[in-house]
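> Give me a 3D structure for the following:
(chains A and B)
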Amino acid sequence: MFQSLDFPGGRVAFTSEMSFIAESSEKRVKCYRVLDDNGHPMSSRFEQISKEVAVKMYSSMVTLQIMDTIFYEAQRQGRLSIYMTSNGEEAINIASAAALSPDDVVLPQYREPGVLLWRGFTLQEFTNQCFGNKADYGKGRQMPIHYGSNRLNYFTVSSPIATQLPQAVGAAYSLKMDRRDACVVTYFGDGGSSEGDFHASLNFAAVMEAPVVFICRNNWWAISTPTSEQFRSDGIVVRGQAYGVRSIRVDGNDALAVYGAIHAAREMAIREHRPILVEALTYRVGHHSTSDDSTRYRPADEIQHWKISRNPLARFRKWIKRNGWLNDEDESELRGNVRKQLLHAIQLAERTEKPPLEDLFTDVYDHLPSNLQEQERLLRETIEKHPQDYPADVPV
Amino acid sequence: MANCLRRFGRLGLISKAKNGNKELYSTASVSPVSDDNTSSTKSINLFTAVNQALHVALDSDPRSYVFGEDVGFGGVFRCTTGLADRFGKQRVFNTPLCEQGIVGFAIGLAAMDNRAIAEIQFVDYIYPAFDQAGDIPIVNEAAKFRYRSSNQFNCGGLTIRAPYGAVGHGWHYHSQSPEAFFCHVPGIKWLYRLAVEEVPENDYMLPLSEAELIREGSDITLVGWGAQLSIMAEACVEAEKDGISCELIDLRTLIPWDKETVEASVKKTGRLLISHEAPVTGGFGAEISASIVERCFLRLEAPVARVCGLDTPFPLVFEPFYMPTKNKILDAIKATVSY
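This is a model prediction of the structure:
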């Protein structure tokens, strides 16, 4: 008489009671949080951070916020073609970055410039990319916010959603084979979790035993699509188990919770050669981009609520100030300095000439093939005949 | 336009030029085949025309559906404004963010005798719906549905709409013209519409697969589609000043394409120039050139000219250099005529 079945994956016990697993649990998966709304730790057991790290984290969140404000304004003035803010998601950006080592390889979606900022990308470097001048590492080929830096281990941003996820798994596999003390960290939103690439990635990561941390910024809105129209599961965290991936849900607006969770996830990923899924609950306070007006599809008071009562900077600030690590004058001075630096960076970026014409043809391949050499030659002839058709700030 | 979707009911992918903010007029007037004899037209931009057509389609066919990412609130290009409010969220709805899902879902809906009008937000994002390994919705599924079932099943009621083409700041991922990939797939139709045209105010029908003669001429035939037509039209006007009479044809449908109209024109002029935004190598211009050379070899006075995008990814800062400009076309017209 067999009580169970020996089947790949382990013994499966039989039951004579027919029952379906419910589509969702009665209770939603709990959300890990350290600081309450007033910045008080809810328990004494959390990953402690030093004053230096805390102040650097807070300063970076402030810098990110100001950078967003100024670049958004610049777009509105017609000086940038487009911009996307990370309003409301500063804690996810900075705290996750702070919990990583510089050797960890980051594959972003597009709303994580704070990770680059933490690692030392300068305001001038951000500005150069946005203005597409010759100092832009992307050589003016991509739109604003499509940053990348191999020096800082941050793969260049690519617009299509979720394409970075399976790539992250491959990159993680390489780290494992090289026995590096490092993992891959990749970000995506609630919308991105609907793409086929998401499912492929989790599955591959589990099977390949790849040290990759998947961070989902569940910020409620994918352009105009709310999560109720995106999926019917209890968010993204519950999907981890479906693929054999360990997962956690965390309060994305709590810098200490994000820091702790990512730090722990990273350790597990590297030591145990496994993927981890982290769902950070947050809210996209800003519009999707400068081409969007989110008041068209969501209530203004909902935006205000998250902007004010759930503000990640405010909560963290309370904790830091209570520790005596920061005062109002310091913050004022910081904000003034950052603003000044950014305005100067923009002025300089606008005066800097664009990348030279030859950069239109380079990097399509390793070496310039004959068809491109010929096209460059013909193009140069055309430019000589019709110089008025071409922008004056691109050196030929 | 809605009528043509209904009467012809073929699987069509309609791409629209995105220059919605610029006033781009083609010099043609649409020649509609309409049921009544009223012929008042007005000039509206493409997104308005699409919106009106969708209203008509949903109103006249209770088995029609419109869906895609962000269509509920009107869509990122405003093509679906007012539809959800008027027809309800069961017929006009947002989908999750997944192009392969959108197209697969649309195929199934169409196969059950519905009119499925799926929106892909930018044609650049259509690739997941093209090339997911192992399950290739458009290529392996939609295109072959009728053929592999010997017409027991078809998804002729499927239309996929996607904006394409250069917009001035769209760069790699919001500016592509992937027509060459899809035209290589028997079983689908790939259509273009210009950004602004004169459109009859009533419901009307346009035959698919018929090219339109936009401008008559005798020295050289120019063939194009979509937004590029307005650039070509400007070149024709300039060439006229130099005494060159240009004939301009809007191909309108790329697959199947109207060889007869182009052949008749080239037999008259003896010269052909094709222009498209997509990269020149392997672009659809190559197909047109090869076919016309086959059909008109002895009549041709000069090699077929192609003025197209470069063989690079679509660049941001360098966009003006990449594009097939009016002057590039004009130079090619003159070179061809004086060959």
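> Please count neighbours and contacts with C-alpha atoms only from this point.
Noted.
> and the host helix or strand of B:Ile160, what's its mean pLDDT?
Remark: B:Ile160 resides in strand B:158-164, with elements defined by DSSP states H and E. Strand B:158-164 shows a mean pLDDT of 80.
> which secondary structure elements does that strand contact?
Under the contact criterion of 3 or more C-alpha pairs under 8 Å, 6 or more residues apart in numbering or on different chains; DSSP states H and E, strand B:158-164 touches strand B:12-17, helix B:99-111, strand B:115-119.
> Give me the distance between A:Phe131 and B:Pro315.
Between A:Phe131 and B:Pro315 the distance is 14 Å, computed by C-alpha to C-alpha, to the nearest Å.
> Between those two, which contacts overlap?
Residues touching both A:Phe131 and B:Pro315 (C-alpha atoms under 8 Å, 6 or more residues apart in numbering or on different chains): A:Gly140.
> Identify each buried residue in stretch A:219-236, please.
A:219-227, A:229-231, A:235-236 (16 or more other C-alpha atoms under 10 Å in any protein chain shown).
> quick one: terminal-to-terminal distance for that stretch?
11 Å.
> Look up how far B:Ser230 lies from B:Asp250.
10 Å.
> Which of those two has more residues huddled nearby?
B:Asp250 (25 against 20; other C-alpha atoms under 10 Å in any protein chain shown).
> Wait, the more buried one touches B:Glu212, no?
Yes - with contact defined as C-alpha atoms under 8 Å, B:Asp250 counts as touching B:Glu212 (5.1 Å).
> what's the helix or strand for A:Ile215?
strand A:212-218.
> could you point out which element follows that strand?
The C-terminal neighbour of strand A:212-218 among helices and strands, as given by DSSP H and E, is strand A:221-222.
> which SS state does the closest residue to B:Gly285 other than its chain neighbours fall under?
Distances taken as C-alpha to C-alpha, 6 or more residues apart in numbering or on different chains put B:Ile274 closest to B:Gly285, at 5.9 Å, once the chain neighbours are dropped. Using DSSP: H, G, I helix; E, B strand; the rest coil, the structure places B:Ile274 in strand.
> shouldn't B:Ile274 be in contact with B:Gln228?
No - counting by C-alpha under 8 Å, B:Ile274 sits too far from B:Gln228 to count as a contact (10.3 Å).
> who's in contact with the residue nearest the centre of chain A?
Nearest residue to the geometric centre of chain A (C-alpha atoms, centre = their mean): A:Glu112, 3.0 Å. Counting by C-alpha under 8 Å, 6+ apart, A:Glu112 makes contact with A:Ser86, A:Asn93, A:Tyr187.
> Looks to me like the last one is in a strand.
Yes - with three-state DSSP as the criterion, A:Tyr187 is part of a strand.
> Pull the number of nearby residues for B:Ile231.
When neighbours are counted by other C-alpha under 10 Å, B:Ile231 registers 18.
> Give the next helix or strand downstream of the helix or strand where it lies.
In the assignment (DSSP H and E), B:Ile231 maps to helix B:228-241. Following helix B:228-241 in sequence order, the next helix or strand is strand B:246-250 (DSSP H and E).
> tell me the angle of that following strand relative to helix B:228-241?
Counting by axes from the mean of the first three to the mean of the last three C-alpha atoms, to 10 degrees, strand B:246-250 lies at 170 degrees to helix B:228-241.
> Moving along the chain from strand B:246-250, name the first helix or strand you hit.
strand B:253-255.
> quick check, stretch A:83-91 touching chain B?
No - residues of stretch A:83-91 are not located near chain B by C-alpha under 8 Å from any C-alpha of the partner chain, the shortest gap being 11.7 Å.
> what do you get for stretch A:294-305?
Yes - judged by C-alpha under 8 Å from any C-alpha, stretch A:294-305 comes into contact with chain B at A:Arg296, A:Tyr297.
> contact partners of that stretch?
Taking C-alpha under 8 Å, 6+ apart as the rule, stretch A:294-305 contacts A:Ile223, A:Ser224, A:Val285, A:Gly286, A:His287, A:His288, B:Phe73.
> roughly how far out does stretch A:11-18 sit from the chain middle?
Stretch A:11-18 has its C-alpha centroid displaced from the chain centroid by 43 Å (C-alpha atoms, centre = their mean, to the nearest Å).
> what's next to that stretch, contact-wise?
A:Gln3, A:Ser4, A:Leu5, A:Asp6.
> Near chain A, which residues of the stretch 1-150 of chain B? Just list them.
B:Glu69, B:Asp70, B:Phe73, B:Val76, B:Asn94, B:Thr95, B:Pro96, B:Leu97, B:Cys98, B:Glu99, B:Gln100, B:Tyr125.
> still on that earlier bit, with respect to chain B, which of the contacts of A:Glu112 is nearest?
Each of the contacts of A:Glu112 was checked against chain B using C-alpha to the nearest C-alpha; the closest is A:Tyr187, at 15.8 Å.
> tally of neighbours for B:Phe73?
22.
> thought it was touching B:Cys79?
No - between B:Phe73 and B:Cys79 there is no contact under C-alpha under 8 Å: 10.0 Å.
> which stretch of helix or strand covers B:Thr261?
B:Thr261 belongs to helix B:259-269 when assigned by DSSP H and E.
> Work out the gap between that helix and the centre of the chain.
Put simply, helix B:259-269 sits 21 Å off its chain's centre (C-alpha atoms, centre = their mean).
> and that helix, what's its mean pLDDT?
Per-residue scores along helix B:259-269 average to 98.
> Would you mind finding the most buried of the helices and strands packed on strand B:158-164?
strand B:115-119 (a mean of 28; mean count of other C-alpha atoms under 10 Å in any protein chain shown).
> would you put the C-alpha positions of it in CSV?
C-alpha atoms of strand B:115-119 as CSV (Å, rounded to 0.1, in the frame of the first residue of the first chain):
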residue,chain,number,x,y,z
ARG,B,115,-12.7,41.7,-33.9
ALA,B,116,-9.6,42.1,-31.7
ILE,B,117,-7.8,45.4,-31.9
ALA,B,118,-4.6,45.2,-29.9
GLU,B,119,-2.4,48.2,-29.2
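> What residues does chain A have near chain B?
A:81, A:132, A:140-143, A:159-160, A:191-196, A:223-225, A:229-231, A:292, A:296-297, A:354, A:357, A:360-361, A:364, A:371-372, A:375, A:379, A:382, A:386, A:389-391, A:394.
> PyMOL command for the buried members of the residues you listed?
A single PyMOL command selects the buried members of the residues of chain A next to chain B (16+ other C-alpha under 10 Å):
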select buried, chain A and resi 81+132+140+141+142+143+159+160+191+192+193+194+195+196+223+224+225+229+230+231+354+357+360+361+372+375+379+382+394
